[in-house]
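Asker: fold the following.
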Amino acid sequence: MRARLAAALFLSAAALFLSAAALALTIAGAAAEPAPRPYLVEGALDAAAILPPPPKPGSAAQDADAAAYAATRALAGTPRWQLAVADVPSGVARLLDGFSCAAGRRLDPARRPALAALLARTRRDVVAVVRDAKGRFARGRPHLGNDEPLCVPRSEALDRSFAYPSGHATEGWTFGLVLAALMPERAGPLLARARTYGESRIVCGVHWASDVEAGRLTGSALFAALVGDAAFRADLERARAELADGFAVPPPEPASCAREDEMTVPRP
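Answerer: Next up is the predicted model:
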């Protein structure tokens with residue numbers, strides 16, 4: 001009897017050990033999974049060669065940037081401010097959620113793996129192109145030297161990072177163009193949301209208005225370069241077929257989408 005009990009306990013412990021080991025291997029494998037590589041080879045698109053330089057101190061363009069920064073500080077605590085806070089996170093899952101109202105259906109990356117993979121790889125191109133351009137222009141952010149409210153915590157990392165072009169605006173506009181190409185019947189709302197996403201950085205107080213405009217130009221140039229890449233086009237068609245499969249998840253509740261549609265940035 002004791003021998004049978006001991007054997008049962010041993011087998012149970014062994015099963016638990018093997019299950020734990022399998023789980024550990026699964027986690028380790030997921031952690032070791034490499035990030036997707038960009039579609040474009042390094043240096044294929046030099047955004048700094050396309051963009052105009054940021055406004056010079058004392059210029060009319062810089063005065064307009066300063067006026068936009070001052071005007072949007074008054075939005076602190078308003079619904080538009082809350083949307084800017086919600087738009088702070090970037091990345092595929094967050095932007096697909098943010099574009100769901102404009103798409104007319106919830107864009108769940110778990111249910112749309114081809115779309116998520118397309119955007120994840122596209123994002124690697126966004127990061128590379130923006131990083132190089134920011135380093136070339138080295139423009140400081142608008143919150144430096146003042147204590148006006150921001151929609152994110154102030155930090156040394158934020159202070160040290162450069163402003164021009166806006167990475168958020170570039171990512172949002174690039175994703176908006178991709179989604180508009182996949183859902184042309186929703187192109188207007190999708191690109192309007194992409195614009196709003198970029199303008200949230202002005203509302204937030206961490207970018208000049210011209211940084212956001214430069215982000216849209218960078219995103220447009222990047223999309224133009226991407227459509228010339230065969231791998232991007234193949235992934236785009238896979239995502240298109242996936243979206244055309246008839247499986248639609250309803251968007252967020254209509255009242256929330258209606259409020260989002262009303263969000264605009266005041267012009268000084």
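Asker: CA atoms for contacts and neighbours, from now on please.
Answerer: Will do.
Asker: mind listing the helices for the stretch 101-250 of the chain?
Answerer: 113-137, 156-160, 167-182, 187-204, 209-226, 230-243 (DSSP state H, counting those that start in this stretch).
Asker: for Ala60, find the nearest of the ones you listed.
Answerer: Ala60 sits nearest to helix 209-226 of all these, at 12.0 Å, using C-alpha to C-alpha.
Asker: how about that closest one as CSV, C-alpha atoms only?
Answerer: These are the backbone C-alpha positions of helix 209-226, laid out as CSV (Å, rounded to 0.1, in the frame of the first residue of the first chain):
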residue,chain,number,x,y,z
ALA,A,209,2.8,71.7,-34.2
SER,A,210,5.5,71.6,-36.9
ASP,A,211,6.9,68.4,-35.4
VAL,A,212,3.5,66.8,-36.1
GLU,A,213,3.3,68.2,-39.6
ALA,A,214,6.7,66.8,-40.2
GLY,A,215,5.6,63.4,-38.9
ARG,A,216,2.7,63.3,-41.4
LEU,A,217,5.2,64.1,-44.2
THR,A,218,7.5,61.4,-43.0
GLY,A,219,4.7,58.9,-42.8
SER,A,220,3.6,59.7,-46.3
ALA,A,221,7.1,59.3,-47.7
LEU,A,222,7.6,56.0,-45.8
PHE,A,223,4.3,54.6,-47.1
ALA,A,224,5.3,55.5,-50.6
ALA,A,225,8.6,53.7,-50.2
LEU,A,226,6.9,50.7,-48.6
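Asker: buried stuff in it?
Answerer: By 16 or more other C-alpha atoms under 10 Å, the buried positions in helix 209-226 come out as 209-223, 226.
Asker: swap in stretch 169-189?
Answerer: Under the neighbour-count criterion of 16+ other C-alpha under 10 Å, stretch 169-189 has 169-180, 182-183, 187, 189 buried.
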